[in-house]
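Enquirer: Quick one: sequence plus predicted model below, questions after.
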Amino acid sequence: MNQEERQVGTRVERIRAWLARQQDTRVGRFSFLMFKRYLEASKNTGAATTAYFMLSVLPTALAAIAVFGTSGGDVNALANRIITRMHLTGSTADIVSQTFGSTANNALAATVVVVFGFWFWGMGIGQLYRDVYERAWHVETAQSNDQVLFMVWYFVACGLLGLMFAATTFASSHRVLFIPVWLCASMAFWLWTPRFLLHKKVATRRLLPGAVVGAVVLGGMIGTAPLWMGPTLNQNAKAFGPFGVVLALIGLVLTVITTSLACAVFSPVWEEFRGKESVEAAAVGVEPA
């Protein structure tokens with residue numbers, strides 16, 4: 001074995017030793033439990049949800065922009081605010097401007113695309129989230145009227161995304177005022193989603209930790225988007241043109257959706273973790289932290 005191989009082996013052993021030590025800490029035990037439950041519940045749902053999102057929700061957003069343009073709204077002003085807010089430059093800014101303008105000029109076509117996108121992929125998003133919640137909470141809820149639930153959930157989710165989109169176009173001073181509104185709306189949504197999709201089989205109190213984490217974490221990602229989303233889009237546009245922008249968008253959507261699925265799993269993991277801590281504390285005769 002040469003020196004380089006010995007160094008690699010030493011680094012691997014150090015990593016293994018560090019991971020072993022983390023398993024003995026409170027944070028480490030929770031993190032490993034969270035990771036295990038996420039893998040069990042998600043089953044690659046993030047990739048499927050991202051594909052459905054790109055094929056249904058984005059066309060719905062473009063159709064809404066088209067209606068906004070035909071009703072007298074200035075899509076160029078809207079595009080310019082997004083470009084300024086996200087610090088987009090060069091070909092990325094051109095793509096945003098052209099997309100908004102061409103969509104407004106083809107409102108009928110955009111609306112037809114929405115109908116097909118919603119019918120074939122839109123309702124599937126709610127089903128994917130329900131399946132994750134079912135596996136995370138170990139419940140079964142499939143009923144004959146679930147397609148109606150998925151339809152309602154889809155349009156409520158699109159409304160929340162529209163609220164988020166509107167916030168990105170506000171001036172900086174106004175966005176500060178929007179933060180509590182967003183947190184309340186987001187928390188209510190992540191409380192309502194599992195209650196609605198699981199037919200109220202899980203109590204609201206048990207869902208609260210995941211709703212709080214989801215609202216804060218996803219809100220933080222959205223609030224800091226100009227710091228990481230804009231530069232990523234610009235860099236990909238320079239390297240690969242419009243194709244690079246599409247790849248970057250898919251990657252960003254996958255990141256956000258995967259995070260939302262992890263937040264969906266948080267509540268049952270937290271409940272299980274606290275239960276184990278209580279049992280261990282009772283066994284040694286001390287109060288749990």
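Expert: Thanks, I have it.
Enquirer: Please enumerate the helices of the chain.
Expert: Taking DSSP state H as the test, the helices found in the chain are 3-22, 26-42, 45-70, 75-86, 90-104, 107-117, 123-137, 146-168, 172-197, 204-223, 225-240, 242-284.
Enquirer: what's the most buried one of those helices?
Expert: By mean neighbour count, with neighbours taken as mean count of other Cβ atoms under 10 Å, helix 123-137 ranks first of the helices of the chain at a mean of 21. (Glycine included, C-beta is placed from N, CA and C.)
Enquirer: Please tabulate the helices of the chain in a markdown table and include mean pLDDT as additional columns.
Expert: Below are the helices of the chain laid out as a markdown table (pLDDT from 0 to 100):
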| stretch | mean pLDDT |
| --- | --- |
| helix 3-22 | 60 |
| helix 26-42 | 85 |
| helix 45-70 | 78 |
| helix 75-86 | 73 |
| helix 90-104 | 73 |
| helix 107-117 | 63 |
| helix 123-137 | 92 |
| helix 146-168 | 81 |
| helix 172-197 | 83 |
| helix 204-223 | 90 |
| helix 225-240 | 82 |
| helix 242-284 | 85 |
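Enquirer: Which phi and psi values does E140 adopt?
Expert: Phi and psi for E140, reported as degrees, to the nearest 10, are phi -120, psi 130.
Enquirer: Double-check it against E134; I have them as touching.
Expert: Yes: here E140 reaches E134: they are 6.3 Å apart, a contact under Cβ atoms under 8 Å.
Enquirer: Please enumerate the shared neighbours of those two.
Expert: With Cβ atoms under 8 Å, 6 or more residues apart in numbering applied, the contact sets of E140 and E134 do not overlap.
Enquirer: and the residue nearest to Y52 when sequence neighbours are not counted, what is it in contact with?
Expert: If the residues on either side of it in the chain are set aside, Y52 comes closest to W121, at 4.3 Å by Cβ to Cβ, 6 or more residues apart in numbering. Contact analysis of W121 by Cβ under 8 Å, 6+ apart lists 51-52, 55-56.
Enquirer: Any figure for the gap between T25 and L254?
Expert: 30 Å (Cβ to Cβ, to the nearest Å).
Enquirer: try R130
Expert: Look at R130 and L254: by Cβ to Cβ, they are 20 Å apart.
Enquirer: can you check T50 too?
Expert: T50 is 4 Å from L254, where distance means Cβ to Cβ.
Enquirer: Repeat that for P59.
Expert: Distance, P59 to L254, using Cβ to Cβ: 18 Å.
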